[in-house]
Structures are given as structure tokens and as C-alpha cells.
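>>> Okay, here's the prediction I keep looking at, along with the sequence it came from:
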Amino acid sequence: MACSGSGIMSAAEIAAAAPYPLPPAGTSPMQLARERMEATGQWHPRQSMGRRWTIGCVALEITQRCNLDCSLCYLSDHSEAVKDIPLEAVFERIDMIRAHYGPDTDVQVTGGDPTLRRRDELVAIVRRIAERGMRPSLFTNGIKATRDLLAELCEAGLVDVAFHVDMTQERPGYADEVALNAVRADYIGRARGLPLSVFFNTTVFDGNFHEIPEVVRFFVGHADVVRLASFQLQADTGRGTLRRRQQPIDIGTVSAQIRTGAGAEINFDTPIAGHAECNRYAMTLVANGRVHDLYGEGRPLATILEATAGIQFDRKHKGRAVAALARGFARRPVAALALLPWAARRLWGMRQDLVAARGRAHKLSFFLHNFMDAGALDCGRIGACVFMVATGDGPVSMCLHNAKRDAFILKPVPLQDGGFWDPLTGAAREAPGEAAAPVLTRKNARGRRRLEIDHRRAASQGAMP
Ligand code: SF4
């Protein structure tokens, strides 16, 4: 257990918290997930961890480098100084993820920006994840994610692409969040027609909170391609320069902004993965340009979850997903019958838009992810965490990982030939030795440290920046 008990973790507790060890052979990952939810008080009829999922997702960081410098970046001061971890170590982490959580696990191929990795290696990584029966997703800022690359990755087994676009990235030439819709439209064009689920990640921060409804309208208008709009709430972690939220940005206020943009009552108290203060999810159907909440009132949620537990939906092919749902209901006819009145009410509510759209409706989900500040990690939430990072020592909570990232990324990596790979030189050596302290220069520093370097330089030249 990465954290037991409750309350805010002390610096000593954070330093001592270790990744999850491999469970004993024969242990059910689903049962382990359930036990973790029970131990943290998060087991209830709407909990999907331990029913549908063994874990929400696992981030596989294949590079620490990035071609942007976001003002809320979770990477560390030293990330840019770290070489790309050897392919054999990435493959070992993929196998480790499979051993912990089993097939059908969602693996986020991320970084840094994963497209900075050598193209043949990126393709090999995606293929390896798919060959292990898991679902690879590419998490990228999109700058280098060309149509050609996405098509090749699809052939290797890529299931989703998640484009991160927002004003924290400070892309030159875009005055506000709405202006960035031009970038989003370009990325949608690159992915359109490929067998991929398209997601967008948007960081919600003090500078764009007021524009969230307009961004949601954009996603609704492109629901023929966009499957998931995910919103990450500002957190003070990593090398980002923006620090803590200055206005009330929380699950309540952001979900209200999403409702405003969608022009619909959307229920975010739907099946929850993990801790209710960490994640919220809502599924809608868009027909005739109008948004309809799929779950609606809360009562049938537990029945839906029960009826669909164990069903894996194919996110690349709508027809196969519907067929999987039909098979699942055929195995649970009582639950399916219990859901009929609910389904009839939802269809009746959509009837005019379905007629106008000739029966066509697109699924558009919304997700809220409420990351924690590195200095205020809630032990209960860490214990119930469903968003893991794959480290050489096992999976660890993303919030915990970001609070002590250097302890992981600067650690020498064991190689199959008995040697150790040095993260700062990229060379192999015979003994692990101590993790070296990287030298920060303006070239390899980002975020807060680059500001400090610029500040010192300006002061030494007699002019403040
Ligand atoms: S990464 Fe942090 S915010 Fe997300 S589920 Fe884990 S503990 Fe919660």
C-alpha cells in the first residue's frame, strides 16, 4: 500500500512511500482493486473499480523530454536532463503493468511528449502493449503527431489518441482558449477516419476557467470525432510556474461550466473510478447538435454497472461495442429487463433530435480529474488512486509520483546484461551507484528553474527581467 491511514502526508511519509509490489501469483487483480476501494471507504454501488476495472489507467513515460514548457507542467526541474529510457526497460514495464492489472488495461504512452521518442521505438512500444492484450493510448500535445504517424500507430494497435491543448502551453499566436480551437480542429482533421478514439485534455486554470463553456461547445460541435473531453484541474506540482488555484476551481464549479457549455443537465455522480474527490465521469449522447445525458437520474446506475461488469467495449468500432453490450445483457436478462424503463425514458427524451438526425447519435463523455498539490497529498486519495505511473519498481500513484519524480527518473535502471543504465549520460555502467545530481543550465532547465536562471542572469547584468 502506497499510503495507509488518512490526512495529509508528511514529507517523510511521501519520501517513504513505495510503488506497489507484484501481488502473489494467482491473486485476482479485480479482487485486489475491490479490497483497495473497501480499505479507503470508496466501495459503493457506483464504484467501477473492482467491478469493471482493475485500474483506471497506467501512464508509461517513454521520454522525459517535451517540445513545450507548460505553466502547469508536472515534470520535474531535471526532466529535460534525462535521456530516453532504454527500450528493453520500457518493455519490462509493459510486462510489469500486465502482471499487475491483467489484459484490457488502458496504458497511456506518454512523457514528456512521446512523439519525441524515435519513431520506430514508439511504434514498437505501442505494438508491444497491444500484443500483451492491453489498450495503448497516445498522450501528446499533437505537435509531431502527423496523420502519417497516427496511421502507422493504428496499424501497430493504437486504440486512442489524447491531444493536450490549452493555454497553459503558451503556444505562440493564440490569445485565448477559444482561439486554440483552430489547433483542436487541425488535430481532429488529422485523426478523422482513422480507427481511433479521439480524446482532448484541457487543463482548467485561473486563466481559462471562464472559457470552459465555449470549449465544451466546440467539443459538442465535433462529437462525430471527439469521444472524450477530459478536464484536469490546476494543481501545484512539478516544474509548472503557476502554482495553486486562485479561484474556486473544483469538481463542482468545473462540472457547472461543462453543463453551461453543453446546454444540458449532466449528472456527474455516475459510475466513479476510484476516489470521488479525484475523478468524475459523465456520458452523453449528441444528436442533432444537442446534448443528452445518458445516465440521467442516479437510480439505474448500480444496475447498469452490475449488468455491464466484465464487458470490454471496443472503442475503435462502434458496432463491436454495441454487440458486446448486447451479449452482456443476454447473459444478464434480469438486469437488462430492469433497465428497459430507464432506456425507454432516455429514448423518449431524445426523440425529436433523433428524428431530426435520422437516428444518428454520437457518444461524448466528459471526465474531470482533480489532481492534488504536491505539498498536500491526501493519504486516503493516494490509497484509492486509480491513475498509476509505471516505474522500474512497480506502479505508483500519479500524484505521489509527481511529488517525488526525481527519486524515480534519476535512479539507475538495471539492464538485462547485469549492468545499469545511467539516466543522465544514457551510458551503461557496472554498478548502480548513487543517483547523480544533474547540472541545470538554461538549455535543460524548464519552468520555475529557467525563470530563476533568467532572473539571476538579469540581476548579474544589472537589469531585472
Ligand atoms: S493521480 Fe491523484 S488525483 Fe488522480 S486518482 Fe490518483 S490520487 Fe487521485
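Received the coordinates, thanks.

>>> what's the burial count for R360?
When neighbours are counted by other C-beta atoms under 10 Å, R360 registers 12. Every residue, glycine included, has its C-beta placed from N, CA and C.

>>> any idea how far the closest residue to P45 other than its chain neighbours is from the ligand?
Among residues not flanking P45 along the chain, A302 sits closest, at 3.6 Å (C-beta to C-beta, 6 or more residues apart in numbering). Using C-beta to the nearest ligand atom, to the nearest Å, A302 is found at 22 Å from the ligand.

>>> List the residues that contact the closest residue to the ligand within the stretch 201-350 of the chain.
Closest residue of the stretch 201-350 of the chain to the ligand, C-beta to the nearest ligand atom: C278 (3.0 Å). Residues counted as contacts of C278 (C-beta atoms under 8 Å, 6 or more residues apart in numbering) are H369, N370, R381, A384, C385, V386, F387.

>>> In strands only, show me the residues you listed.
H369, F387 (DSSP state E).

>>> Please list which of the contacts of C278 are also close to the ligand.
H369, N370, R381, C385, V386, F387 (C-beta under 6 Å from any ligand atom).

>>> could you dump those residues to CSV with neighbour count and pLDDT?
Listed next are those as CSV, based on neighbours: other C-beta atoms under 10 Å; pLDDT from 0 to 100:
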residue, neighbour count, pLDDT
H369, 20, 96
N370, 22, 96
R381, 23, 96
C385, 28, 97
V386, 24, 97
F387, 21, 98
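
>>> Quick one: low-confidence residue ranges for the stretch 1-150 of the chain.
1-5 (pLDDT under 70).

>>> where along it do the strands fall?
57-61, 106-110, 135-140 (DSSP state E, counting those that start in this stretch).

>>> so how far is the second one from its chain's centroid?
What separates the centre of strand 106-110 from the centre of its chain is 8 Å, taken as C-alpha atoms, centre = their mean, to the nearest Å.

>>> is any part of that strand close to the ligand?
No: remark: strand 106-110 sits outside contact range of the ligand, by C-beta under 6 Å from any ligand atom, the gap being at least 11.8 Å.

>>> do the longest one as well
No: remark: strand 135-140 sits outside contact range of the ligand, by C-beta under 6 Å from any ligand atom, the gap being at least 13.9 Å.

>>> isn't N444 right up against K83?
No: look at N444 against K83 with C-beta atoms under 8 Å: they stay out of range, at 11.2 Å.

>>> Near the ligand, which residues of this structure are found?
Residues of the chain lying close to the ligand (C-beta under 6 Å from any ligand atom) are 274-275, 278-279, 369-372, 381-382, 385-387, 397-399.

>>> measure I143 to the ligand for me?
25 Å.

>>> sorry, that was for A436
Taken as C-beta to the nearest ligand atom, the span from A436 to the ligand is 28 Å.

>>> Please apply the same query to Q416.
31 Å.

>>> check contacts around that residue.
For Q416, the contacting residues are E88, by C-beta under 8 Å, 6+ apart.

>>> what's around the residue nearest to G392 when sequence neighbours are not counted, how many residues?
In space, and not counting its chain neighbours, G392 is closest to V413: 5.7 Å by C-beta to C-beta, 6+ apart. Using other C-beta under 10 Å, the number of residues around V413 comes to 19.
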